[in-house]
Each structure stands twice: as C-alpha cells, then as structure tokens.
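Engineer: This is a predicted model, with the sequence first.
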Amino acid sequence: MSRYLLATLLTALSLTACAQSPAPTVAAAGAAVASSADATAIEARVRASLGELDPNFNPDYIGAAPFAGFREVVVSGQVLYVSDDGRFLMQAQPYDISKRALATSEGLLAYRRGLLAQVPADQRISFVPPNAKYTVTVFTDTECGYCRKLHQDIAELNRNGIGVEYLAFPRMGPGSQDFKDMVSVWCADDRKTAMNNAKAGQPVPANSCTSPVAMHYELGQKLGVNGTPAIFAADGSQLGGYLPPAQLKATLEGLGQAAR
C-alpha cells in the first residue's frame with residue numbers, strides 16, 4: 001500500500017468513525033473472545049477487519065503490541081495499532097512512561113532487524129572503530145544539514161566506541177539530483193572519501209554503476225523513514241534524528257546489551 005493510499009484511508013477513517021457502526025462480524029468479537037483466542041486467530045481477525053476497510057490494506061507485519069488488547073501493525077513503514085477484536089484502530093505510537101521511551105514490542109524490533117540485516121556489509125559505508133561497543137545504522141543523504149552535523153561528530157562518536165554504518169536515503173526521491181549524487185558516492189572507488197567530501201559540501205563527481213541506493217531508499221520507506229538522518233540501534237530501535245554524541249551514547253547505554 002502506498003503512503004498516499006494509507007494517508008487517504010486514515011483520513012477517511014477519522015471523518016467517518018463517529019458516523020459508522022462496527023460491522024456485525026467485528027462487533028460480535030468481544031474482549032472475552034480476544035483474550036482467549038490464540039495469536040493466529042487474532043491476526044486473522046485483524047487482517048479481516050482491515051480488509052473490510054480497504055482490500056488493498058496489506059500489512060507487512062502483525063504482532064503483539066507492547067500493551068494488552070492490541071496488535072501492532074506495520075503497513076508501508078507506518079506503525080498502527082488494531083484492537084484484538086478488530087474494532088479499533090489507532091495511528092499514534094504510545095509512550096512508555098516507565099521506560100521513558102516510545103512503546104515498542106520485541107516483535108517489531110525483530111521485524112526491523114530482519115529488514116536491516118538484508119543489507120550486506122559491502123553495501124554500507126562504514127565509519128566503525130576497532131572494537132566498537134555499539135554500531136548504529138544511519139539512513140543519510142548528502143545535503144541535509146543535520147546529516148552533515150552528525151558526520152562532523154564521527155570522530156568523537158568513534159572515540160566513544162560508537163560506529164556508524166551509512167545507508168542511502170535521498171530525501172528528494174529517485175530521479176532527483178540528490179539521488180544521483182548518492183549513486184555517485186556509492187559508485188566511487190573510495191566511498192568513504194567521497195562521502196567525506198560530499199558531507200563537506202564539495203561537488204560530487206558524477207559516477208555510475210550498479211548501486212544499492214534504490215534498494216536502500218525502498219528499505220528506508222519500509223522502516224518508516226521520512227527524514228534524515230534516521231538512526232537505528234542494533235536491536236532495531238529507531239533513535240530518531242540527529243543526537244549529539246553524549247546523548248546518543250547515553251541512549252545506547254540505556255538500551256543495554258541488546259543495542260550492541
């Protein structure tokens with residue numbers, strides 16, 4: 001499902017939710033049924049309910065939410081929550097007060113890790129120190145100011161035991177000059193030098209090859225990336241955009257062993 005179609009669907013839901021009654025099949029599924037049904041039955045019910053809204057609503061992932069009574073659903077990179085009885089849909093991601101972080105399930109983290117693992121090491125541009133304690137994956141482009149600011153922090157991040165592995169996410173999309181520049185960086189004989197020069201605002205010499213930029217961009221969309229830099233920890237947690245080195249280190253330490 002495209003982002004446009006998803007946005008249209010959610011807008012339609014917000015306009016019609018008060019006027020419509022739940023379909024009989026959805027209304028018949030009460031909380032008692034949801035609590036006793038196994039995960040397979042719940043997922044089937046959630047899929048059926050989403051299919052009633054739009055037959056093109058095809059989730060990429062459905063799993064238990066980090067709070068009772070709901071499934072976590074990923075479609076076109078967007079995280080949604082649907083009640084186990086298939087009746088209620090929420091778009092906002094809840095905040096876990098006890099953990100002081102956005103609520104995220106282990107299932108969703110595993111889903112993200114699986115997507116990121118699809119990118120082999122030789123398709124990443126890595127700035128990783130020896131014996132790095134943490135390594136983060138960063139979707140970046142060559143133009144955004146905060147991407148350049150993060151790149152200026154690379155030496156300090158490395159001194160603090162944090163490695164950075166770049167994936168390409170040209171914000172302007174395929175066909176843009178940004179996209180072409182990122183292809184040129186990935187096709188350079190020395191990618192790290194090409195990235196350093198591009199981040200410093202130097203012109204990017206045109207180059208072409210069979211590059212992974214389009215695949216990285218598509219992967220970023222599946223992960224819900226809509227801006228750069230987008231930082232992911234090793235456990236699949238999305239840490240947001242630019243973070244100063246001390247704050248990034250503290251955030252990774254807060255995630256514990258899973259983020260290494």
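Structural biologist: Nice, thanks for sending it over. Residues are numbered from 1 along each chain as shown.

Engineer: what phi and what psi does the backbone show at Tyr166?
Structural biologist: Note on Tyr166: its backbone torsions stand at phi -90, psi 140 [degrees, to the nearest 10].

Engineer: what about it, neighbour count?
Structural biologist: 27 (other Cβ atoms under 10 Å). Heads up, the C-betas are built off the backbone N, CA and C, glycines and all.

Engineer: Pro170 now?
Structural biologist: Neighbours of Pro170 using other Cβ under 10 Å come to 27.

Engineer: what's the answer for the one 10 residues further on, then?
Structural biologist: A count of nearby residues for Lys180, using other Cβ under 10 Å, gives 17.

Engineer: Contact partners for it?
Structural biologist: If you count contacts by Cβ atoms under 8 Å, 6 or more residues apart in numbering, Lys180 has them with Ala206.

Engineer: ranges for the helices of the stretch 101-250 of the chain?
Structural biologist: Along the stretch 101-250 of the chain, the stretches classed as helices by DSSP state H, counting those that start in this stretch are 106-116, 145-152, 154-159, 177-186, 191-199, 213-222, 245-255.

Engineer: Make TSV out of these and add distance to Val74 and mean pLDDT.
Structural biologist: TSV is the format used below for these (distance: least, Cβ to Cβ, whole Å; pLDDT from 0 to 100):
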stretch	distance to Val74	mean pLDDT
helix 106-116	7	95
helix 145-152	25	96
helix 154-159	29	97
helix 177-186	25	95
helix 191-199	30	96
helix 213-222	8	96
helix 245-255	20	92
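
Engineer: closest one to Tyr134 among those helices?
Structural biologist: helix 245-255 (4.7 Å; Cβ to Cβ).

Engineer: pull the CA atoms of that closest one into CSV?
Structural biologist: The C-alpha coordinates for helix 245-255 follow below in CSV (Å, rounded to 0.1, in the frame of the first residue of the first chain):
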residue,chain,number,x,y,z
PRO,A,245,27.4,12.3,20.7
ALA,A,246,26.9,12.3,24.5
GLN,A,247,23.1,11.9,24.1
LEU,A,248,23.5,9.2,21.5
LYS,A,249,25.9,7.3,23.8
ALA,A,250,23.5,7.7,26.8
THR,A,251,20.6,6.4,24.7
LEU,A,252,22.5,3.4,23.5
GLU,A,253,23.7,2.6,27.1
GLY,A,254,20.0,2.9,28.2
LEU,A,255,19.1,0.2,25.7
